[in-house]
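> sequence-free structure coming up:
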Ligand code: 1CP
C-alpha cells in the first residue's frame, strides 16, 4: 500500500498529519550522494535508470518524507531540443551558445520524450514498481528555462531575457511557445510513465513585475496546466521571491502553489485563497541549525497550514549543501508528530 497523504493534501482532502518533502532532497548534503558523484557526473546519474532510481529513493528511506521527486535537472530537456550544455561544478547549467535569434529558436526541436529521453521514463517506471510514497515528476517552467537558454547560464539580473521579452516580443513568444509545447509533452510522458504528481519549477520568475508576469508568462502557464488537466494528477507551481505574484499564480490552473519563506504562510493563504493547496515554506537556512528557533518557525508554519485543508510542508527553496542529514530527519519527525497532535486536538 502506498502512502497517499501527500496526494490527499494536494487535493485538499483531510489528512491525519501534514505531509512533507523537500525540494532538492537528493543532493550534495548527503554523504551517499557525494559518494555516487565521485563515480558519475550529474548528467550520467540522470541517464542510468538504476543509479537515478537509487538516488531518488535515498531521501525517502533516510528522511521518512511523504513523497519522492525524480532525480534530474531542469536543464535535461535542453539537450534533447538540440542545444549543447554542461552542468558546471558550483555554477549550474551553462549553454555552449546562448539562444538569441530567430534561427536559434527555429532550430529548437520539440522532441518525442520516448525517443529523446527514454532513460527518464525508464527511471520513472522502475521507481513506480517499488516506491512506498508517490513520485513527483517535474520540469522547469518556460520562463526559468528560457532564462538559462537566453543568458547562456545562471544570471542575477536576467538582462538579456528581459530585453528579448520587451524589445522583440514576437521572438519571445515563439521561444515560449516552443518551450511550452515541449514541457507539456515531457510532463505528459512522465505522468504516463507513472509520476503521481508534477511540479513546475519557475524558480526565477520572481524577477518579473506582476504586470510583466501577466503579459509575458501567465498565458503560457495557463496553457501548460490546462493541457495536463485530463490526466488528473495534482500539479504544483513554485517560484522563488514570488510573494507579489501569488494571486496571479492562482489563475494558472495549478492545484498547489509553492511559497518561499519571504511571505508568512498565513499571509500567503490570504493571497492564494481557499481553492488551492499550499506548499512551503521554512527558510532553508533554518535547517542548518536545529533547536528552539527552528522548532518555533516550523510549528508556526504547521499551525498556519492546518487552518485549511491542503498544506504540504516543504522548505521555501532547495536544501542547502551544508545541511546536516540529522537535521532533516529531526525536522521531518517534528512535522509529522506535531501536526498529528494538533490535528487530533482539533478533532476532539
Ligand atoms: O552536481 C551536483 O550535484 C550539483 C547540484 C545539482 C543537483 C543536485 C544541480 C546543478 N542539479 C541537481 C539536481 C536537481 N535539479 C534536482 C533533483 C534533486 C531533488 O530535488 O531531489 C532538481 C529538482 C533540480 C531542479 C533545478 N535545477 C532547478 C529548480 C529548482 C531550484 O532549486 O530552484 C534549477 C533552477 C536548476 C538549475 C541548477 N542545476 C544545478 C544548479 C547548481 C542549478 C542552479 C544554478 C543557478 O543558480 O541558476
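Okay, I see it. For clarity, every value in this text was computed on a predicted model and none was experimentally measured.

> ok, then the element right after the helix or strand containing residue 147?
Using DSSP states H and E, residue 147 falls within helix 142-151. Downstream of helix 142-151, the first helix or strand assigned by DSSP H and E is helix 159-167.

> and the helix or strand following that following helix, which residues are buried?
The first helix or strand that comes after helix 159-167 along the chain, using DSSP H and E, is helix 169-193. By 16 or more other Cβ atoms under 10 Å, the buried positions in helix 169-193 come out as 171-172, 175-191, 193. For every residue, glycine as well, the C-beta is placed using N, CA and C.

> The stretch 101-250 of the chain against the ligand: which residues are in contact?
Taking Cβ under 6 Å from any ligand atom as the measure of proximity, the stretch 101-250 of the chain contacts the ligand at 138, 154, 201, 203.

> Verify the stated contact: the third one with residue 238.
It stands for residue 201. Yes: with contact taken as Cβ atoms under 8 Å, residue 201 and residue 238 are classed as touching, separated by 6.0 Å.

> So these two - more neighbours on which side?
For residue 201 versus residue 238, the count of surrounding residues by other Cβ atoms under 10 Å is larger for residue 238: 26 against 22.

> Look up how far residue 310 lies from that one.
Computed with Cβ to Cβ, to the nearest Å, the distance linking residue 238 and residue 310 is 15 Å.

> How about residue 133?
Residue 133 is 18 Å from residue 310, by Cβ to Cβ.

> the more surrounded of these two?
Here residue 133 and residue 310 are set side by side on neighbour count (other Cβ under 10 Å), and the busier one is residue 310, at 24 against 21.

> can you tell me which residues contact that one?
Contact analysis of residue 310 by Cβ atoms under 8 Å, 6 or more residues apart in numbering lists 9-12, 256, 276-278.

> Kindly recompute the last result at 6 Å.
By Cβ atoms under 6 Å, 6 or more residues apart in numbering, the contact list for residue 310 reads 9, 12, 277.

> Who are the contact partners of the first one?
What that stands for is residue 9. Residues counted as contacts of residue 9 (Cβ under 6 Å, 6+ apart) are 15, 19, 277, 310, 312.

> Which pLDDT value belongs to the closest residue to the third one other than its chain neighbours?
Distances taken as Cβ to Cβ, 6 or more residues apart in numbering put residue 310 closest to residue 277, at 3.2 Å, once the chain neighbours are dropped. Reported pLDDT at residue 310 in the predicted model: 98.

> The one 10 residues further on too?
Listed pLDDT for residue 320 reads 98.

> What is the burial count for the nearest residue to it once chain neighbours are set aside?
Once flanking residues are discounted, residue 320 sits nearest to residue 284: 5.0 Å by Cβ to Cβ, 6+ apart. Here the number of neighbours of residue 284 (other Cβ under 10 Å) works out to 19.
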